[in-house]
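>>> Quick one, structure for this:
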Amino acid sequence: MTVRRSAATLAATAAVLCAAAAPVAVAAPSAALPAGLYGTKDPTYDGVWRQSMAFLAQRLEGVTPARKSVDWLIGQQCANGAYAAFRPDVSKPCDAKTVLDTNATAAATQALVEVGGHRDIVNNGVRWLKSVQNEDGGWGYTAGAPSDANSTSLVIGALARQGQRLADITTPGGKTPYDPLLALAIPCGGKDGGAFAYQPDKKGKLTANADATAAAVLGTMGKAMAVGNNAAGKAPACHPGSGLTPEQAAQNGAHYLVGALAGSGHLNQAPMPGATDTTPQPDFGNTADAVVALSASGHQDEAAGAITWLKKNSTDWAGQNGPAAYAQLILAAHATGNDARDFGGVDLVARLNAAGPAPAAVVTPDPSADTGYEATEKDQVHSGDDVIGGVWWYIGIALVLAAIAFFLISGRRKNRQL
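Sure thing, here's the model as predicted:
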């Protein structure tokens, strides 16, 4: 699930919501880039995003980022826990002019959970995200902006990965993070049945958006961006009627994506506003996101054609767009059990690693191990602002058992001495 950002649009609109559009390549800035940052292009609109995406993909592939890269991402956080897209001078505290970005905050939160060892940073990010939840239960691109499918789904992923029970995160009106996504779901029937809209238009009409649909499939399933290799187990179907559960809405979205990928094996970019050339152009990033969504929802077999297409056609696109693009392909490869180190003959992991400082460690993971995050509502732990994982439960049990064993052994020794 990726919110692609148009640098040209953002430059014109500043703090306004960005549309889901392909990134525009931006020339490298005249000033030297931070030493720990991934990529060589201007980070103004995607510095935190591309760094976070890189970490997510690397951790799936057994790569530990360099300390200075992690420190750079940590240093971008504002005192209130939020992130902006990029802060060129972190010695200056965030103020009212700082455009706080829910997407960057959610991505950084997910990435730092995967890196590990930064509980306070993660918790601060989650606190801020919860504090700016809209009345409808969702989130916009910036704090207080109208909720959209992409931003809401990204935040859901961050909250879930940190350990929050999503059904318990409610507004005063009783809305949960799932509610705005369900409100953006297009009913079954017609060519766009099952899809999600990015936002309703001014008249309340919902228009199918493939990027928003891929994002919302993960969001309605309560999943983070990094998902595991899921075997196919469900036939794609669209559940008719209203009053859908989040799981049913996710399956409807997957049904739509299967149809959108049929034939060509890829999604197309939406024409930019005012564009004179409306010839459909392949959307590599959204296609990779759709692959992840299909695998997460139990339709990995339906993603095979898209994976084959990406292997044949995505190398140049990833090279032009840098770390986040390589990361998207790695996430898609991992979600479908493909080798990211030989993706159409390309070692995506090596290329991503080369886009930043040399990693602290590289361990090739066991291909049979599932390292993706697959938590559901059942296994999420409501922990307030604290990260509580299952591993600590087992450690606690082990310590108790060890203490009992120690006292039993000590008692036996004393009895022998008597």
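>>> pLDDT weak spots in the stretch 1-150 of the chain?
For the stretch 1-150 of the chain, applying pLDDT under 70 flags the ranges 1-31.
>>> Where do the helices of it begin and end?
Under the criterion DSSP state H, counting those that start in this stretch, the stretch 1-150 of the chain contains helices at 7-13, 47-60, 67-75, 102-115, 119-131, 149-162.
>>> So which of those is nearest A306?
Ranking the helices of the stretch 1-150 of the chain by proximity to A306 (C-beta to C-beta) places helix 47-60 first, at 17.8 Å. For the C-beta atoms, the positions are set from N, CA and C on the backbone; glycine is no exception.
>>> Save the helices of the stretch 1-150 of the chain as CSV, and put in distance to T40 and mean neighbour count too.
Below are the helices of the stretch 1-150 of the chain laid out as CSV (distance: least, C-beta to C-beta, whole Å; neighbours: other C-beta atoms under 10 Å):
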stretch, distance to T40, mean neighbour count
helix 7-13, 14, 15
helix 47-60, 11, 27
helix 67-75, 14, 18
helix 102-115, 19, 27
helix 119-131, 26, 19
helix 149-162, 25, 28
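>>> Can you add distance to I169 and give those helices back as TSV?
Formatted as TSV, the helices of the stretch 1-150 of the chain follow (distance: least, C-beta to C-beta, whole Å):
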stretch	distance to I169
helix 7-13	28
helix 47-60	22
helix 67-75	25
helix 102-115	13
helix 119-131	6
helix 149-162	6
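>>> Looks like Q164 contacts G125 (just checking).
No - using C-beta atoms under 8 Å, Q164 is not in contact with G125, being 11.8 Å away.
>>> got the contact list for D179?
Residues in contact with D179 (C-beta atoms under 8 Å, 6 or more residues apart in numbering) are D136, G137, G138.
>>> and if we set it to 7 Å?
For D179, the contact set (C-beta atoms under 7 Å, 6 or more residues apart in numbering) comprises D136, G137.
>>> for T109, same thing?
The contact partners of T109, by C-beta under 7 Å, 6+ apart, come to V122, G125, V126, A158, Q162.
>>> ok so, going back, quick one: closest of the helices of the stretch 1-150 of the chain to A226.
helix 47-60 (5.0 Å).
>>> ok, residues contacting the closest one?
So helix 47-60 is contacted by 37-39, 65, 72-73, 76, 83, 85-86, 103-104, 107-108, 110-111, 114-115, 225-226, 322-324, 326-327, 330-331, 334, 352, 356, 359, 371-372 (C-beta under 7 Å, 6+ apart).
>>> at 6 Å instead, please
The contact list for helix 47-60 (C-beta atoms under 6 Å, 6 or more residues apart in numbering) reads 38-39, 65, 73, 76, 83, 86, 104, 107-108, 111, 114-115, 225-226, 323-324, 327, 330-331, 334, 371.
>>> How about stretch 293-301?
Contact with stretch 293-301 is made by 214, 217-218, 223, 227, 230, 232-234, 236, 250, 254, 257, 302-303, 335-336, as judged by C-beta under 6 Å, 6+ apart.
>>> Can you select the buried ones from these in ChimeraX?
In ChimeraX, a selection of the buried entries from these looks like this (16 or more other C-beta atoms under 10 Å):
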select :214,217,218,223,227,230,232,236,250,254,257,302,303,335,336
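>>> for N229, phi and psi?
In terms of degrees, to the nearest 10, the main-chain angles of N229 are phi -80, psi 100.
>>> Quick check: it touching G337?
Yes - using C-beta atoms under 6 Å, N229 makes contact with G337 at a distance of 4.3 Å.
>>> Among the two, which residue is more densely surrounded?
N229 (19 against 16; other C-beta atoms under 10 Å).
>>> picking up where we left off before, what sits in contact with each of Q164 and G125?
With C-beta under 6 Å, 6+ apart as the test, Q164 and G125 reach no residue in common.
>>> okay, the contacts of T109 in JSON lines with distance to L244 next?
Formatted as JSON lines, the contacts of T109 follow (distance: C-beta to C-beta, whole Å):
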{"residue": "V122", "distance to L244": "31"}
{"residue": "G125", "distance to L244": "30"}
{"residue": "V126", "distance to L244": "27"}
{"residue": "A158", "distance to L244": "24"}
{"residue": "Q162", "distance to L244": "26"}
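>>> Which single one of those is nearest to G274?
Among the contacts of T109, A158 lies closest to G274 (C-beta to C-beta), at 34.0 Å.
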